[in-house]
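Enquirer: Provide a 3D model corresponding to the input given below.
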Amino acid sequence: MNEVGYPHTARLDFVDNRVDEATGTMRVRAIVRNPDRKFSPGFFVRVKLPVGEPHPAVLVAERAIGTDQDRKYLLAVTDQNVVEYRPVKLGPVMDGLRVIDEGLRPGEWVVVNGLQRVRPGVTVSPQRVAMQADIVPAAAPAPVKAP
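Expert: As a prediction, this is how the structure comes out:
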């Protein structure tokens, strides 16, 4: 619980062929390397299980995505430094960043900071910033006092 992200890897060894109708879960077993004996039988863990083959994707911070009635959009910056409205189709969240399935190409710039001050058609002086995930790290568990 006190680790950020998913620092350990494992290999699936078994996947049950049925889903428990009462809980919506299925049983799986994984092989986890445990050289420093961090894990013990019976522990609960957070698991991130990617499905499908990896593929290149455009990722943006959630704070860059706007909502216009029933659609999501980004404010992209053209080669002439003009802000442009881009309707986008959102994909899943990966490592705290949102996948953009349609509406933005790799390498294009988007407005992340100062969204309230820009509008489509305005010329801007863009500054490159890191596309950081909007993740708040999990808090460490509270210490337990002995009686």
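
Enquirer: going forward, measure contacts and count neighbours with C-alpha atoms only.
Expert: Fine.

Enquirer: by mean pLDDT, flag the weakest helix or strand of this protein.
Expert: Least confident helix or strand, the chain: strand 28-32 with a mean of 86, by mean pLDDT, DSSP states H and E.

Enquirer: list the strands paired with the longest strand seen in the chain, with their directions.
Expert: If you go by DSSP state E, the chain has its longest strand at strand 83-94. Sheet pairing of strand 83-94 (DSSP bridges) gives strand 71-77 (antiparallel), strand 97-102 (antiparallel).

Enquirer: among those strands, which is nearest residue 64?
Expert: Of all those, it is strand 71-77 that lies closest to residue 64, at 6.4 Å by C-alpha to C-alpha.

Enquirer: quick one: the helices in this protein?
Expert: With helices called from DSSP state H, the chain shows none.

Enquirer: residue ranges with poor pLDDT in it?
Expert: Applying pLDDT under 70 to the chain flags the ranges 1, 134-147.

Enquirer: ok, now with 90
Expert: 1-12, 15, 23-34, 36-57, 92-96, 107, 113-117, 126-147 (pLDDT under 90).

Enquirer: tell me the bridge partners for the spatially closest residue to residue 67 that is not a sequence neighbour.
Expert: With C-alpha to C-alpha, 6 or more residues apart in numbering as the criterion, residue 67 has its nearest non-adjacent residue at 6.2 Å, and that residue is residue 73. Beta-bridge pairing for residue 73 (DSSP bridges): residue 66, residue 87.
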